[in-house]
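[1] coords below, sequence missing:
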């Protein structure tokens, strides 16, 4: 990101666009990202419907200070809660966007703690591979991970970057580049989830996800709506309102009430008890 900003200043006649991050200059250097939390919410519905232990694991790249990751966890947890308020989300944080050893180990730790669905915000498919090896379920991220782990992955949260790239390049071709940042979502075709695995392909789950998607698309539901209780008992948001884009992209430094974070020793940081069980089989 910083190098791109420097190159843009050195080359004012070249257009630069940077995905994620936060820097831009309003001229030839823009930022683009999307409402991935919308798709996270839908994947949470799938996870909440599938879990039998009501313990869902989440391997996360960054801690509570990173709004992108934390917002994704919260949106996922809200989706789970909408269909299964008894389910809890247990998070292990690698503190790295790419750490193969930790991603695999933390996924295994979560399974050992009784989680029978594994979600992720990290750059390898190890959580899905661990889910396969331990006969539990997974929620993929960034690409359709069912191609590698078809027996475990319920669905994947995916980006369709071409939705942005096509219109950005076209704006340059037509001389209509404005220098404005881009923040798209499901409506623009930028984010979504893949089709559900056959193991979760029941009519009620499909209906719940489709109804939620329709509400997001028509604007009647925005995921972070109304008053939201955190896991510290605070209330975020207000009735009859929704969090604005600036807050979602840079101000989510809290976890939803059903989320707990495990430390490096695999212990819950809030002092509560996580019962260890190896019973992850379906009833």
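    Structure's in. What do you need? Not measured: the values here are computed from a predicted model.
[2] how close does the nearest residue to residue 137 once chain neighbours are set aside sit to residue 54?
    Closest residue to residue 137 apart from its sequence neighbours, by CB to CB, 6 or more residues apart in numbering: residue 117 at 4.5 Å. Quick note: C-beta positions are derived from backbone N, CA and C, even for glycine. Taking CB to CB, to the nearest Å as the measure, residue 117 and residue 54 are separated by 10 Å.
[3] circling back to that earlier point, so who does the residue nearest to residue 137 touch?
    Contacts for residue 117 (CB atoms under 8 Å, 6 or more residues apart in numbering) come out as 47, 50-51, 56-57, 131, 136-139, 154.
[4] just the buried members of the residues you listed?
    47, 50-51, 56-57, 131, 136-139, 154 (16 or more other CB atoms under 10 Å).
[5] Please narrow those to those residing in strands.
    Among those, the members found in strands (DSSP state E) are 56-57, 137-139, 154.
[6] Distance to residue 39 and pLDDT for those residues - can I get that in CSV?
    Formatted as CSV, these follow (distance: CB to CB, whole Å; pLDDT from 0 to 100):
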residue, distance to residue 39, pLDDT
56, 17, 98
57, 19, 98
137, 17, 96
138, 15, 96
139, 10, 97
154, 13, 95
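[7] so which of those comes closest to residue 166?
    residue 139 (27.6 Å; CB to CB).
[8] The closest one contacts residue 48, correct?
    No: contact criterion CB atoms under 8 Å: residue 139 and residue 48 do not qualify, at 10.7 Å.
[9] give the contact list for the residue most central in space within the chain.
    Centroid-nearest residue in the chain: residue 72, 3.6 Å away (criterion: CA atoms, centre = their mean). When contacts are counted by CB under 8 Å, 6+ apart, residue 72 touches 36-37, 40, 121.
[10] same thing with residue 40?
    Applying CB under 8 Å, 6+ apart, the residues near residue 40 are 72-73, 75-76, 79, 157.
[11] For it, which non-adjacent residue is closest in space?
    residue 75 (4.0 Å).
[12] Now do the same contact list for that neighbour.
    By CB under 8 Å, 6+ apart, the contact set of residue 75 is 37-38, 40-41, 44, 223-224.
[13] and it, what element?
    Per DSSP states H and E, residue 75 falls inside helix 67-83.
[14] in that helix, what's buried?
    Neighbour-count burial for helix 67-83 [16+ other CB under 10 Å]: 67-81, 83.
[15] can you tell me which of these lies nearest to residue 185?
    Nearest member of these to residue 185, counting by CB to CB, is residue 75, at 11.8 Å.
[16] Now do the same for that closest one: its pLDDT.
    Residue 75 is assigned a pLDDT of 98 by the prediction.
[17] what's the answer for the one 3 residues further on, then?
    According to the prediction, residue 78 has pLDDT 98.
[18] How about the contacts made by the nearest residue in space to residue 130 that is not next to it in sequence?
    Distance criterion CB to CB, 6+ apart; nearest residue to residue 130, sequence neighbours excluded, is residue 107 at 3.9 Å. By CB under 8 Å, 6+ apart, the contact set of residue 107 is 57, 59, 92, 118, 120, 126-127, 130-131.
[19] buried stuff in whatever helix or strand residue 107 lives in?
    Per DSSP H and E, residue 107 falls inside helix 100-112. Buried residues in helix 100-112, defined by neighbour count with 16+ other CB under 10 Å: 102-111.
[20] Same question for stretch 127-147.
    Along stretch 127-147, these residues count as buried under the neighbour rule (16+ other CB under 10 Å): 127-132, 134, 136-142, 145-146.
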